[in-house]
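Asker: what's the 3D shape of this:
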Amino acid sequence: MQITLRYGRDGLLATLPYDNVRHVLRFHPLPPIEAPACALADALRSPIGCPPLRELARGRRDACVVTSDITRPVPNAAILPALLDELRTAGLPPERVTILIGTGLHRANTPDELREMLGPDAAASGARLVNHDARAADQQAYLGETPRGTPVYVDRTYVESDLKVAISLVEPHLMAGFSGGRKAICPGICGMETIRRFHGPRLLDPDEACAGRLDGNSVHEEALAVATLAGRPDFTVNVTLNESRELTGVFAGELVACHLAAVQRSVDQSKVALPEPVDIVVTTNAGYPLDLTFYQGVKGMLAAVPILKPGGTILIAHECAEGLGGPEFTDLMLSVTDPHAYIASTWEESVFCIDQWQLHEQVKVLRRAGEILNLSAGIPRDLQAQCFVTPIASVEEGIDRALRKHGPNASIAVIPEGPYVLACLEGDAVDRQKLTSRCTR
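Answerer: Numbering: from 1, shown residues only. Okay, the predicted model is just below:
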């Protein structure tokens, strides 16, 4: 059978043995919003849990609008013009608005990327466009510590703004349960020391710190604690998308309430529970822009873990057009020989490298999988082999290898959208979770 996998900008057609493929995990076909512009306008004017944006903006000195960087397909081109119009009507012209790109510790977005991700109207609106720089200590405001002891440093542009707005895409997230909401602030616009603690082993290692879980998830709870100290946004916009990147939900309003509403929509469209685990999982990192680097690709690997038998094989196809990732992650991956020993050492405060948290997440994969087969046209095979994966030239080559290992009757599951689908097993903790206000305190 032939299946198109999300890979780069164009996708990848793979031929898989029909008799072995037990499941193809896809989004549930929730209908896209027929009139996105109208839905967005309604959400801005009739929000959840707070006054309309126009009312909140009246009399404000200035505004900061936080949105994601190029690694997230947030439909800013649709959202930002409507949002800027509401602010303008309330007396805040674009010249008094800063659009702050929540890069976390990712690289800055280029001018061309800013035009692509924000849309031409917003990019040329007169609003100030700023990439957050977590490494610039003088650009962060210190706001105290969370109850867990995380020092909170947040971009001064946001902290000192009179009106705070955040835009997010909500989808399953490898460590925080779901993206969006509070994550626009933490780690999106936090300083390096905050991100270091937020992505530290004490928060990442618990089983609850995984995709699809909010209740008891230490990463989710800490992100909300940081956002609270930073000053929760006065207004947020959270959206959900289907496989075709069409809007399936627009939820605007108070941080916690509208994020939880968007999470429920994400669960409704993305959760797929299998009756039993499989021997082989074919996955992706959802294509461009998420599969630009191997660093991001760990998310696609983790998407396969909940439905994989212990010792099973994960085959991931992600283009990685920009290589392994940032310089710190690249140096780390090419210097570590025993990933399990290295992550064990990071429990000591003295051991630290930027981006080590993504190796921690890959170690979670290695604890479950017997092997990871890796297809990445953007990374030389010799470098792939140093990243605790086995390079393959094609999906078909990888499947032949996996069937030789697990036998001709081995079961295969395919996740063409990778981490955008919430794969789980019937009756496991993710499948049983009931989303309530208790999850978002």
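
Asker: can you list the domain ranges for this structure.
Answerer: Taking automatic domain parsing as the reference, the chain has its domains at 2-28+276-425, 36-269.

Asker: Off-centre distance for the longest one?
Answerer: Spelled out, it's domain 36-269. Distance of domain 36-269 from the chain centroid (CA atoms, centre = their mean, to the nearest Å) equals 12 Å.

Asker: State the mean pLDDT of it.
Answerer: Averaging pLDDT along domain 36-269 yields 95.

Asker: about what we covered before: turn the domains of the chain into JSON lines, columns for mean neighbour count.
Answerer: C-beta: built from backbone N, CA, C; applies to glycine. JSON lines is the format used below for the domains of the chain (neighbours: other CB atoms under 10 Å):
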{"stretch": "domain 2-28+276-425", "mean neighbour count": "20"}
{"stretch": "domain 36-269", "mean neighbour count": "21"}
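
Asker: Present these as JSON lines; the columns should include distance to Q433.
Answerer: What follows is the domains of the chain, written out as JSON lines (distance: least, CB to CB, whole Å):
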{"stretch": "domain 2-28+276-425", "distance to Q433": "9"}
{"stretch": "domain 36-269", "distance to Q433": "6"}
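
Asker: closest one to K434 among those domains?
Answerer: Smallest distance to K434 across the domains of the chain (CB to CB): 8.1 Å, for domain 36-269.

Asker: Look up how far I185 lies from T236.
Answerer: Separation of T236 from I185 (CB to CB, to the nearest Å): 10 Å.

Asker: Residues that sit against both of these two, list them.
Answerer: Residues within reach of T236 and of I185 at once, by CB atoms under 8 Å, 6 or more residues apart in numbering, are A166.

Asker: nearest spatial neighbour of V65, skipping sequence neighbours?
Answerer: Leaving out its chain neighbours, the residue that sits closest to V65 by CB to CB, 6 or more residues apart in numbering is V165, at 4.6 Å.

Asker: Phi, psi for that neighbour please.
Answerer: With angles defined as degrees, to the nearest 10, V165 sits at phi -130, psi 140.

Asker: Confirm for me that it is in contact with A63.
Answerer: Yes. Assessed by CB atoms under 8 Å, V165 is found in contact with A63 at 6.2 Å.

Asker: Give the intersection of the neighbour lists for the two.
Answerer: Counting by CB under 8 Å, 6+ apart, V165 and A63 have no common neighbour.

Asker: what about the nearest residue to A369 once chain neighbours are set aside, helix or strand, and which?
Answerer: Spatial nearest neighbour of A369, chain neighbours left out: I314 (4.9 Å); criterion: CB to CB, 6+ apart. Using DSSP states H and E, I314 sits in strand 308-317.

Asker: centre of the chain versus that strand, how much separation?
Answerer: Here strand 308-317 shows a centroid-to-chain-centroid distance of 21 Å under the convention CA atoms, centre = their mean.

Asker: Give me the mean pLDDT for it.
Answerer: Rounded mean pLDDT across strand 308-317 is 98.

Asker: which residues sit against the longest helix anywhere in the chain?
Answerer: Assignment by DSSP state H gives helix 255-270 as the longest helix of the chain. The contact list for helix 255-270 (CB under 8 Å, 6+ apart) reads 27-28, 30, 47-49, 166, 168, 170-172, 177-178, 180-182, 212, 214, 224, 227, 232-233, 236-240, 242, 248-249, 251-252, 420-422, 435, 437, 439-441.
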